[in-house]
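Peer 1: what follows is a predicted structure for the sequence shown.
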Amino acid sequence: MIENDIAVQVRDLRRTFGSFVAVDNISLRVEKGEIFGFLGPNGAGKSTTIRMLCGLLKPTSGGGSVAGFDILSESESIKQSIGYMSQRFSLYDDLTIEENINFFSGIYNVPRQKRAERKDFILSISGLHERKEELTKNLPTGFKQRLALGCAVLHDPSILFLDEPTSGVDPMSRRNFWKLIYDMAGRGTTVFVTTHYMDEADYCGRLALIYRGKIVAEGTPADLRLRFMKQDVLEIPVDRPVEALESLEKEGLESAIFGSALHVVVDDAATEIPRIERILSAANIRAGKIEKILPSLEDVFVALIESS
Amino acid sequence: MFERIHQMIVKEFAQVFRDKRMVLMIIASPMIQLLMFGYVVTTDVTNVPTALYDLDKSQSSRELARSLEASGYFEIVNTPESPEGIRYLLDRGEVSCAVQINRGFEKEMLKGLPSPIQIIADGTDSNTAMITVSYAARIAARFGLDASKVALVNRERLPGVDARTRIWYNPDLKSRNYNLPGVIASIVMIVGLMLTSMAVVRERETGTIEQLMVTPIKPFELILGKTIPFAAIGYFDMMLVTVTGVFWFDVPIKGFLPLLFLCTGIYLLSVLGIGLFISTISRTQQQAMMAAMFFYMPALLLSGFVFPIDNMPPVFQYLTYINPLRYFLVIIRGIFLKGIGFSLLWPQVAALLILGITIITLSTARFRKRLE
Ligand SMILES: Nc1ncnc2c1ncn2[C@@H]1O[C@H](COP(=O)(O)OP(=O)(O)O)[C@@H](O)[C@H]1O
Ligand SMILES: [Mg+2]
């Protein structure tokens, strides 16, 4: 029996496609009521993991439980207790908004007397009251995603899996969407959300970073910053960031481009600043003043990925 | 359970009727196929250019020639004077049929003996040749019967006998009457296959299947939810082409209509089952479409619609046993042309039922609520 306060727990979960290892022996634990972020660049294995948790993909090896049910043998019971929003928009484009809601209410067997209230709730969180008779395909992406979220929570699931819910949406809609996620969590729903936007990491209560199928870091955003404080992050404004990045990396310095500046991770700022200046002037790159900055979570991840 | 199936049905109908291509496929395509078959693919033969080689040159032989022409099927365009003349005309393609009335035709006929006439047809188009010969033989036989009452006694031995059995159920030899039931059966098959083979794979292509798979829906609910709407559409098409056939082309139905509808339902079960099976094993809509055609073509050839099953090599004869069209063709022709009932058709009905249940079960088992 699994402890009552655990929503998701997996051990040594692995999935291969042919000889390619998409998810490589990951272990995770998500507590009830958490907003758990699963971060990683494209192709890291986020969707594959989330699909195994939802019972959509069979793990090659390893196992675990979701909502207290075994992911290998009880995937049908899991389906009644979770909501899932896939990465690709997957409501029916050729149905109206209302028809989509009615359809999923019926499929999830939402009690008849609750259906009107749930529909109303979804229309209001997605802001689609006036447009409910429109075809879903005509909606802008931001609305579609909020509607998809609504349809995923129609049956009031205890755990919500969201696979890159904010990809391809403008920053304003992204913020709105996160507000919705907070609302859900506020009602006691556990949220397991993936994203490749590193700047969304701070929204999560706890997070894991996945890279090439492996979990390379795990903890609260504060934890991860603290652990990373041992090294310094330098910000260097440059005129040609790509060339600058190349010449610094050639010298073994971990760098990343942030707009028109570079972030470089070093052990000791005092000794490295003169060296960086030398490298850049040798490459004929004009650089502004080099400054030590507080690392963002993005810096943390870039560094972790580079060192893994 | 019923609620989920019900929701699937509502959804499928909404999607089908919103898609103009689907509506076209449901209404226009069966009508076009029916009209095409009705008007173009008619194997009726009229005004066949005919050579008459009359060796008897009697009153009776001239009357026979006249009744050949009066039938409208034959047009005597030449009267050669030798067997070589016939060959020459046939070779040149100036005639496609020759009738040779031998010496002693009138005398024999009056004695009540089989009248010796010979009918030669250009066999390059074997179908037309066969029909031509049977027409001519029939007319000759009828002529013989008219001319001499004594001939009645010997009618089994008259040249027309063979033709009489062949055309027993369709005495006017209207190929349309004979073909229409088969046309209806094949239209129902192709429309049913096309619609259902898209049904699951379309959801796979658009990604909606992923959302459906994380719901508690059961495979049989999904499969039934996809079968029932298309069965209704299949029925609609069946009625559309049947009513058009009966009222537009004047094709008679001898049998009991409710039986036909019952059997159509059982036939649809297997057709839609095959379509769904194709849909569950295909990755793309295009693949499914190809697979549906790949099934339909041999199914049409191996049904007895065009080529008699008895003439096929044994391997192919065995293949016909898993072809629903084979059984339904017997049923629909039996009901349309012969007016026979369930007591004779039950083996076909049973075969269809077994086939249908097997394939629907197979599709349900094939459908996994997992991604590959
Ligand atoms: N069905 C599949 N067949 C083969 N390779 C796959 C399949 N699904 C995912 N992959 C591969 O597995 C890796 C991880 O994919 P995915 O989990 O979708 O990554 P993410 O969601 O983090 O972007 C990718 O390299 C992808 O190409
Ligand atoms: Mg993904």
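Peer 2: That came through, no problem. Ligands and ions are numbered 1, 2, ... in the order given.

Peer 1: only C-alpha atoms from now on, for both contacts and neighbour counts.
Peer 2: Noted.

Peer 1: pLDDT below threshold where in chain B?
Peer 2: B:41-44, B:112-116, B:123-127, B:142-175, B:369-372 (pLDDT under 70).

Peer 1: as a quick check, tell me the outermost residue of it.
Peer 2: Each residue of chain B has a distance to the centre, and by CA atoms, centre = their mean the biggest one is for B:Val214: 44.9 Å.

Peer 1: that residue touches A:Cys54, doesn't it?
Peer 2: Yes. The pair B:Val214 / A:Cys54 is scored as a contact, 6.8 Å apart, by CA atoms under 8 Å.

Peer 1: tell me how many other residues surround residue 249.
Peer 2: Answering for chain A, as no chain was given. 14 (other CA atoms under 10 Å in any protein chain shown).

Peer 1: wrong one, chain B
Peer 2: Neighbourhood size, B:Phe249 [other CA under 10 Å]: 15.

Peer 1: how about the secondary structure of the closest residue to it other than its chain neighbours?
Peer 2: Nearest residue to B:Phe249 in three dimensions, chain neighbours excluded: B:Gly38, at 7.3 Å (CA to CA, 6 or more residues apart in numbering or on different chains). What DSSP: H, G, I helix; E, B strand; the rest coil gives for B:Gly38 is helix.

Peer 1: give me the distance between B:Gly38 and B:Gly182.
Peer 2: As judged by CA to CA, to the nearest Å, B:Gly38 and B:Gly182 stand 11 Å apart.

Peer 1: identify the residues contacting residue 96.
Peer 2: Picking chain A for this. A:Lys132, A:Glu133, A:Glu134, A:Leu135, A:Thr136 (CA atoms under 8 Å, 6 or more residues apart in numbering or on different chains).

Peer 1: that's the wrong chain, I meant chain B
Peer 2: B:Val48, B:Pro49, B:Thr50, B:Leu90, B:Ala121, B:Asp122.

Peer 1: surely the second one and B:Val99 touch.
Peer 2: It stands for B:Pro49. No. Using CA under 8 Å, B:Pro49 is not in contact with B:Val99; the gap is 11.0 Å.

Peer 1: more neighbours, the two?
Peer 2: B:Val99 (23 against 17).

Peer 1: work out for me the element that one sits within.
Peer 2: For B:Val99, the host element (DSSP states H and E) is strand B:97-101.

Peer 1: elements contacting that strand?
Peer 2: Applying 3 or more CA pairs under 8 Å, 6 or more residues apart in numbering or on different chains; DSSP states H and E, we find strand B:97-101 packed against strand B:48-54, helix B:83-92, strand B:117-121.

Peer 1: ok, now with 7 Å
Peer 2: The contact analysis (3 or more CA pairs under 7 Å, 6 or more residues apart in numbering or on different chains; DSSP states H and E) places strand B:97-101 against strand B:48-54, strand B:117-121.

Peer 1: how about the contacts made by A:Ile82?
Peer 2: Counting by CA atoms under 7 Å, 6 or more residues apart in numbering or on different chains, A:Ile82 makes contact with A:Pro157, A:Ser158, A:Ile159, A:Leu160.

Peer 1: let's go with 6 Å and repeat that
Peer 2: Shown in contact with A:Ile82 (CA atoms under 6 Å, 6 or more residues apart in numbering or on different chains): A:Pro157, A:Ile159, A:Leu160.

Peer 1: so which of the residues you listed sit within helices?
Peer 2: Among those, the subset assigned to helices under DSSP state H is empty.

Peer 1: and those as CSV, adding pLDDT and neighbour count?
Peer 2: Output for these, formatted as CSV (pLDDT from 0 to 100; neighbours: other CA atoms under 10 Å in any protein chain shown):
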residue, pLDDT, neighbour count
A:Pro157, 94, 20
A:Ile159, 95, 26
A:Leu160, 95, 25
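
Peer 1: take these and keep only those in strands.
Peer 2: Using DSSP state E, the members of those that fall in strands are A:Ile159, A:Leu160.

Peer 1: from the chain's centre, how far out does stretch A:88-103 sit?
Peer 2: 24 Å (CA atoms, centre = their mean, to the nearest Å).

Peer 1: and it, end to end?
Peer 2: Start and end residues of stretch A:88-103 are separated by 19 Å (CA to CA).

Peer 1: which residues of chain A lie near chain B?
Peer 2: A:Leu56, A:Leu57, A:Lys79, A:Gln80, A:Ser90, A:Leu91, A:Phe103, A:Gly106, A:Ile107 (CA under 6 Å from any CA of the partner chain).

Peer 1: that older thread, roughly how far does the nearest residue to the residue farthest from the centre of chain B once chain neighbours are set aside sit from A:Gly68?
Peer 2: Spatial nearest neighbour of B:Val214, excluding adjacent residues (CA to CA, 6+ apart): A:Lys79 at 5.5 Å. A:Lys79 sits 12 Å away from A:Gly68, going by CA to CA.

Peer 1: just A:Ser77 next, same as before
Peer 2: 9 Å.

Peer 1: next one: B:His6
Peer 2: B:His6 is 31 Å from A:Gly68, by CA to CA.

Peer 1: what do you get for B:Val330?
Peer 2: Distance, B:Val330 to A:Gly68, by CA to CA: 57 Å.

Peer 1: so B:Gly38 and B:Gly182 - more neighbours on which side?
Peer 2: Neighbour count, other CA under 10 Å: between B:Gly38 and B:Gly182, B:Gly182 has more, with 24 against 19.

Peer 1: so who does that one touch?
Peer 2: B:Leu329.

Peer 1: any idea how chain A splits into domains?
Peer 2: A:3-225, A:229-307 (automatic domain parsing).

Peer 1: and among those, the most buried is which?
Peer 2: domain A:3-225 (a mean of 19; mean count of other CA atoms under 10 Å in any protein chain shown).

Peer 1: that one near ligand 1 at all?
Peer 2: Yes. Interface with ligand 1: domain A:3-225 contributes A:Phe17, A:Ala22, A:Asn42, A:Gly43, A:Ala44, A:Gly45, A:Lys46, A:Ser47, A:Thr48 (CA under 6 Å from any ligand atom).

Peer 1: quickly note the distance from the residue nearest to the fourth one when sequence neighbours are not counted to chain B.
Peer 2: The one in question is A:Gly43. Counting by CA to CA, 6+ apart, the nearest residue to A:Gly43 once its immediate chain neighbours are dropped is A:Arg212, at 7.2 Å. The spacing between A:Arg212 and chain B, counted by CA to the nearest CA, to the nearest Å, is 20 Å.
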